[in-house]
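**Student:** Output the structure for:
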Amino acid sequence: MARTARLSTPVEGARQPTLCVPVLFGDDGGVIASSVPMVLGGQKIPRKFSREWCAQHGLKSEPGSIVVLRALGESIVSLISAGTSFNEPENFRLVGAAAARSAGDASLAFFLPTDGIEHPRAITQALVEGALLASYSFKNTNIDSTFDVVPLGSPLPSVETHNDVVEGIERGGVIGEGVNWAKRLIDTPAGHLSPRELAKQVIKRLEDDPSVEVEAWTESRIKAEGLGGLLGVGQGSAQPTRLVYATYEPAGEVLAHIALVGKGVTFDSGGLSIKTGEGMMTMKTDMTGAAVVMSVLSMASRLRVPVKITAIAPMTENMTGERATRPGDVLTIRNGMTIEVLNTDAEGRLILADGLSLAAEARPDAIIDVATLTGAQNVALGDEVGALYATTDELAERLNRASARSGEELWRMPLVSKYEAHIESDVADMKNIGKPPRAGSIVAALLLQRFTDGLPWVHLDIAGPARSDSNRGYLTKGATAFSARTLLEFLTAVGDGDAT
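**Tutor:** Got it, this is the predicted structure:
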């Protein structure tokens with residue numbers, strides 16, 4: 001059960017216990033659109049609020065700022081700041097989140113004035129996304145409420161606008177639900193989500209998605225396919241390793257083929273290079289990349305994006321069992337290259353090397369991998385900005401545009417070729433660490449690049465923003481599934497003709 005979004009009429013919406021209205025801010029204070037009913041929930045709704053009134057009641061110009069008007073025996077009316085523009089999707093994600101939180105588990109209706117909104121579909125999609133993302137709760141799975149969107153106009157929204165709102169609700173619903181599915185997987189304790197169980201949950205979701213084929217490789221298949229990095233990381237665990245290989249191939253014209261690879265370490269103890277106790281506390285989330293790429297493929301399928309997608313997720317645990325890989329061991333990757341393992345806690349790059357090798361064999365137009373890969377990313381960019389590495393300026397620019405649309409901030413990092421020397425090995429083609437603590441995220445990216453067979457490639461290191469330590473905006477404490485919405489925006493743009 002979860003909160004669901006739907007279209008509603010003014011009469012139906014007015015029956016909900018919480019009614020929400022956006023406020024547009026200017027120099028003189030707040031303004032409510034003329035299309036909003038003069039009376040809501042038994043309360044008269046003014047058209048303007050002075051700066052003094054807003055300051056007195058705590059309504060600020062920052063998007064998502066909220067003041068609640070209460071009347072005994074009537075509906076609650078929430079006035080929510082949309083900032084200084086009704087045409088910024090990120091503003092409306094924050095508005096939707098504030099609306100959802102003001103209602104708690106109850107249903108609500110949002111009165112959306114469409115006059116002056118240039119792109120109603122995008123704004124409505126953002127509004128619904130924000131509401132559904134903020135409604136997520138790992139513990140409370142019994143929410144059964146609605147988020148009604150009531151489109152308003154003077155005198156009524158046009159047919160075109162109405163259709164855009166309907167499409168925005170549908171898209172926002174698919175995206176909010178898909179991202180929350182990934183967040184639930186990521187938040188699940190590792191004792192309940194082994195590699196085998198993670199693969200099972202992914203197959204359960206994808207097997208009925210349109211135009212999708214999915215299979216899980218067992219250890220015997222993984223061994224036969226020569227995935228030595230994945231096997232090497234997993235051999236210290238009592239839990240069997242898995243790899244999920246999924247493809248989405250839409251009917252009709254396919255504009256591009258994109259491969260997605262996600263890191264799926266369901267728990268990372270560090271192996272024999274063991275982490276501290278504090279360092280292990282959040283390591284159930286080290287399979288974020290796998291959850292992200294599989295959720296993106298699922299959402300693209302449900303939205304019928306005209307782009308072929310291959311999604312690959314190696315899944316394992318990094319543990320300290322008697323068969324665990326030792327520092328100094330050498331692993332052979334799918335493409336035949338060898339890696340000397342000097343730090344078993346740098347395991348993500350070992351399993352991604354196999355995943356990238358498989359992706360390259362599919363000969364896509366571009367490969368994108370997603371991983372909670374390095375602490376160095378968090379040191380450099382913190383917990384709100386992901387690191388983006390790209391082999392072409394064109395790909396980097398497309399991902400940056402998608403990032404801007406999604407509200408998930410990325411920062412391009414350099415692939416410094418001189419640092420290749422950091423991973424030179426005396427006994428293998430490379431070693432799995434560079435020169436700590438120098439350029440750790442860059443060196444990890446350079447290692448991964450060696451397994452892309454020269455294809456256009458993007459690496460997203462999301463170790464910091466993959467988790468939130470508090471509820472803020474439309475983020476909830478815990479998993480964020482960061483980059484899922486950006487990747488879907490990127491694929492949508494490719495499907496709309498923004499070719500790679």
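**Student:** Against which helices or strands is the helix ranked longest in the chain packed?
**Tutor:** Looking only at the chain and at elements set by DSSP state H, the helix with the highest residue count is helix 159-187. The contact analysis (3 or more CB pairs under 8 Å, 6 or more residues apart in numbering; DSSP states H and E) places helix 159-187 against strand 4-7, helix 120-135, strand 146-152, helix 195-206, helix 288-302, strand 478-479, helix 484-495. The way it works is simple: take the backbone N, C-alpha and C, and place the C-beta from them, glycine included.
**Student:** Check which helices and strands the last one is in contact with.
**Tutor:** So that's helix 484-495. With contacts taken as 3+ CB pairs under 8 Å, 6+ apart, helix 484-495 sits against helix 159-187, strand 257-262, helix 288-302, strand 366-371, helix 393-406.
**Student:** if you set the cut-off to 6 Å instead, what comes out?
**Tutor:** helix 288-302, helix 393-406 (3 or more CB pairs under 6 Å, 6 or more residues apart in numbering; DSSP states H and E).
**Student:** Then the fifth one?
**Tutor:** Here helix 288-302 is seen to pack against helix 159-187, helix 195-206, strand 242-248, strand 257-262, strand 308-318, strand 366-371, helix 484-495 when contacts are counted using 3+ CB pairs under 6 Å, 6+ apart.
**Student:** Which one of the ones you listed lies nearest to Glu74?
**Tutor:** Comparing the helices and strands packed on helix 288-302 against Glu74 with CB to CB, the closest turns out to be helix 159-187 (26.4 Å).
**Student:** hang on, the earlier thing: make a markdown table out of the helices and strands packed on helix 159-187 and add distance to Lys431.
**Tutor:** Conversion of the helices and strands packed on helix 159-187 to a markdown table gives the following (distance: least, CB to CB, whole Å):
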| stretch | distance to Lys431 |
| --- | --- |
| strand 4-7 | 50 |
| helix 120-135 | 40 |
| strand 146-152 | 51 |
| helix 195-206 | 26 |
| helix 288-302 | 22 |
| strand 478-479 | 32 |
| helix 484-495 | 30 |
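**Student:** Just name the most buried of those.
**Tutor:** Most buried of those by mean neighbour count (mean count of other CB atoms under 10 Å) is helix 288-302; its value is a mean of 30.
**Student:** Give me the contacts around that helix.
**Tutor:** Surrounding helix 288-302, the residues in contact under the criterion CB atoms under 6 Å, 6 or more residues apart in numbering are 174, 178, 181-182, 185-186, 202, 205-206, 209-212, 246, 248, 260, 262-264, 309, 311, 313, 315, 370-372, 466, 481, 483-484, 487-488, 491.
**Student:** tell me the angle that helix makes with helix 484-495.
**Tutor:** An angle of 40 degrees separates the directions of helix 288-302 and helix 484-495 when computed by axes from the mean of the first three to the mean of the last three CA atoms, to 10 degrees.
**Student:** I'd like the average pLDDT over helix 288-302.
**Tutor:** In this model, helix 288-302 has an average pLDDT of 98.
**Student:** Please state the offset of it from the chain centre?
**Tutor:** Relative to its parent chain, helix 288-302 has a centroid offset of 9 Å by CA atoms, centre = their mean, to the nearest Å.
**Student:** show me what contacts Thr476?
**Tutor:** Each residue near Thr476 by CB under 6 Å, 6+ apart is listed here: Tyr136.
**Student:** For it, give its distance to Leu460.
**Tutor:** 21 Å (CB to CB, to the nearest Å).
**Student:** what comes up buried for the longest helix of the chain?
**Tutor:** Neighbour counts over helix 159-187 (16 or more other CB atoms under 10 Å) mark 161-162, 164-166, 168-187 as buried.
**Student:** Also stretch 443-452?
**Tutor:** Neighbour-count burial for stretch 443-452 flags Val443, Ala444, Ala445, Leu446, Leu447, Leu448, Gln449, Arg450, Phe451, Thr452 (criterion: 16+ other CB under 10 Å).
**Student:** Direction included, what does the worst-scoring helix or strand of the chain on mean pLDDT pair against?
**Tutor:** One helix or strand of the chain scores below all others by mean pLDDT, DSSP states H and E: strand 43-44, with a mean of 88. Strand partners for strand 43-44, identified by DSSP bridges, are recorded as strand 39-40 (antiparallel).
**Student:** ok, back up a step: which members of the buried residues of stretch 443-452 are positioned in helices?
**Tutor:** Members of the buried residues of stretch 443-452 lying in helices (criterion: DSSP H): Val443, Ala444, Ala445, Leu446, Leu447, Leu448, Gln449.
**Student:** Give me the nearest residue to the fifth one, chain neighbours excluded.
**Tutor:** In space, and not counting its chain neighbours, Leu447 is closest to Arg349: 5.2 Å by CB to CB, 6 or more residues apart in numbering.
**Student:** Which elements pack onto the helix or strand containing that neighbour?
**Tutor:** Assigning secondary structure by DSSP states H and E places Arg349 in helix 348-361. In terms of contacts (3+ CB pairs under 6 Å, 6+ apart), helix 348-361 is packed against helix 228-234, strand 257-262, strand 308-318, strand 366-371, helix 440-449.
**Student:** Who are the packing partners of the third one?
**Tutor:** Using 3+ CB pairs under 6 Å, 6+ apart as the contact criterion, the secondary-structure elements in contact with strand 308-318 are helix 195-206, helix 228-234, strand 242-248, strand 257-262, strand 264-268, helix 288-302, helix 348-361.
**Student:** Could you check the angle the fifth one makes with strand 242-248?
**Tutor:** When the same axes, to 10 degrees is applied, the directions of strand 264-268 and strand 242-248 differ by 150 degrees.
**Student:** looking only at pLDDT, what's the mean for the helix or strand following strand 264-268?
**Tutor:** Note on strand 264-268: by DSSP H and E, the next helix or strand toward the C-terminus is helix 277-280. Helix 277-280 shows an average pLDDT of 96 in the prediction.
**Student:** do the same with stretch 182-201
**Tutor:** The predicted model assigns stretch 182-201 a mean pLDDT of 98.
**Student:** Chain neighbours aside, what residue packs nearest to Ala481?
**Tutor:** Leaving out its chain neighbours, Ala481 is closest to Ala182 (CB to CB, 6+ apart), at 4.0 Å.
**Student:** before we move on, the earlier item: of the helices and strands packed on helix 484-495, give the one that comes closest to Arg51.
**Tutor:** Within the helices and strands packed on helix 484-495, the stretch nearest Arg51 is helix 393-406; the backing value is 30.6 Å (CB to CB).
**Student:** doesn't Leu112 make contact with Gly153?
**Tutor:** No. With contact defined as CB atoms under 6 Å, Gly153 and Leu112 do not form a contacting pair (9.6 Å).
**Student:** So the two - more neighbours on which side?
**Tutor:** Leu112 (28 against 17; other CB atoms under 10 Å).
**Student:** now whichever strand or helix holds the more buried one and helix 120-135, what's the angle there?
**Tutor:** Leu112 belongs to strand 108-113 when elements are defined using DSSP H and E. Counting by the same axes, to 10 degrees, strand 108-113 lies at 150 degrees to helix 120-135.
**Student:** Partner strands of strand 108-113 and their direction?
**Tutor:** Short version: by DSSP bridges, strand 108-113 pairs with strand 18-26 (parallel), strand 146-152 (parallel).
**Student:** closest one to Leu7 among those?
**Tutor:** When the strands paired with strand 108-113 are ranked by distance to Leu7, counting by CB to CB, first place goes to strand 146-152 at 5.9 Å.
**Student:** which residues sit against the closest one?
**Tutor:** 3-8, 10, 13, 35, 107, 109-114, 131, 157, 165, 169.
**Student:** For that strand, the averaged confidence score.
**Tutor:** 97.
**Student:** If I take that strand and helix 159-187, what angle do their directions form?
**Tutor:** Between the axis of strand 146-152 and that of helix 159-187 there is an angle of 160 degrees, by the same axes, to 10 degrees.
**Student:** how does the protein divide up, domain by domain?
**Tutor:** Per automatic domain parsing, the structural domains of the chain span 4-169, 188-495.
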